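Colleague: quick one, structure for this:
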Amino acid sequence: FYSHPGSIASRRWSALAKWRLRELNELPHYVHHRLNTSYAAACKFVGQFPSHSVMAVARFVAFVTGSFTALLLLVTMLDETLLERPLLGRHIVWWLAALGVVLTASRALVNDEPVAYDPERAMAEVV
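Modeller: Numbering: from 1, shown residues only. Below is the predicted model of the structure:
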């Protein structure tokens, strides 16, 4: 993932899934075309089953990083000279930026909107 960082959370078809979805004597380029066109529907199908443990950990991380960010912002609002002072080897601005990135990433993992579960229809769109 060093040269392609977007592939960290990407999903791929397994060899078993390709074998099961392939029709008899179907040419490889047709299989790839069918699998590529069904990728959006497959992502929608998998999205119907969120991981509640990952969401709980992400909420906890968002709470902790948000509280530290708020604390650092409050302290720096009281005294602006603290922005230039080091904290654990880094400046306060660096810590605010790093905590902001972690906070944004953890909030992206939390899905608060309700999901309408209809796996049969979603699977029919995949196949």
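Colleague: and residue 113, which of the three is it?
Modeller: coil (DSSP: H, G, I helix; E, B strand; the rest coil).
Colleague: can you get me a residue count around it?
Modeller: 4 (other Cβ atoms under 10 Å). For every residue, glycine as well, the C-beta is placed using N, CA and C.
Colleague: enumerate every residue touching it.
Modeller: Counting by Cβ atoms under 8 Å, 6 or more residues apart in numbering, residue 113 touches no other residue.
Colleague: what does the pLDDT read for it?
Modeller: At residue 113, the pLDDT value in this model is 70.
Colleague: can I get stretch 119-127 in CSV, CA atoms only?
Modeller: In CSV, the C-alpha atoms belonging to stretch 119-127 read as follows (Å, rounded to 0.1, in the frame of the first residue of the first chain):
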residue,chain,number,x,y,z
PRO,A,119,-30.1,-8.2,1.5
GLU,A,120,-32.0,-10.3,-1.0
ARG,A,121,-32.6,-7.4,-3.4
ALA,A,122,-29.0,-6.2,-3.0
MET,A,123,-27.7,-9.6,-3.7
ALA,A,124,-29.9,-9.9,-6.8
GLU,A,125,-28.3,-6.6,-8.1
VAL,A,126,-24.9,-8.1,-7.5
VAL,A,127,-25.5,-11.3,-9.4
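Colleague: chain center to that stretch: distance?
Modeller: 23 Å (Cα atoms, centre = their mean, to the nearest Å).
Colleague: what's in contact with that stretch?
Modeller: Stretch 119-127 has contacts (Cβ under 8 Å, 6+ apart) with 21, 38, 41, 42, 44, 45, 48, 49.
Colleague: which ChimeraX command selects the buried ones in the residues you listed?
Modeller: In ChimeraX, this line selects whichever of the contacts of stretch 119-127 come out buried by 16 or more other Cβ atoms under 10 Å:
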select :38,41,42,45
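Colleague: reformat the contacts of stretch 119-127 as JSON lines; add pLDDT and distance to residue 84.
Modeller: Formatted as JSON lines, the contacts of stretch 119-127 follow (pLDDT from 0 to 100; distance: Cβ to Cβ, whole Å):
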{"residue": "21", "pLDDT": "75", "distance to residue 84": "59"}
{"residue": "38", "pLDDT": "80", "distance to residue 84": "54"}
{"residue": "41", "pLDDT": "79", "distance to residue 84": "53"}
{"residue": "42", "pLDDT": "79", "distance to residue 84": "50"}
{"residue": "44", "pLDDT": "77", "distance to residue 84": "49"}
{"residue": "45", "pLDDT": "77", "distance to residue 84": "51"}
{"residue": "48", "pLDDT": "76", "distance to residue 84": "49"}
{"residue": "49", "pLDDT": "74", "distance to residue 84": "48"}
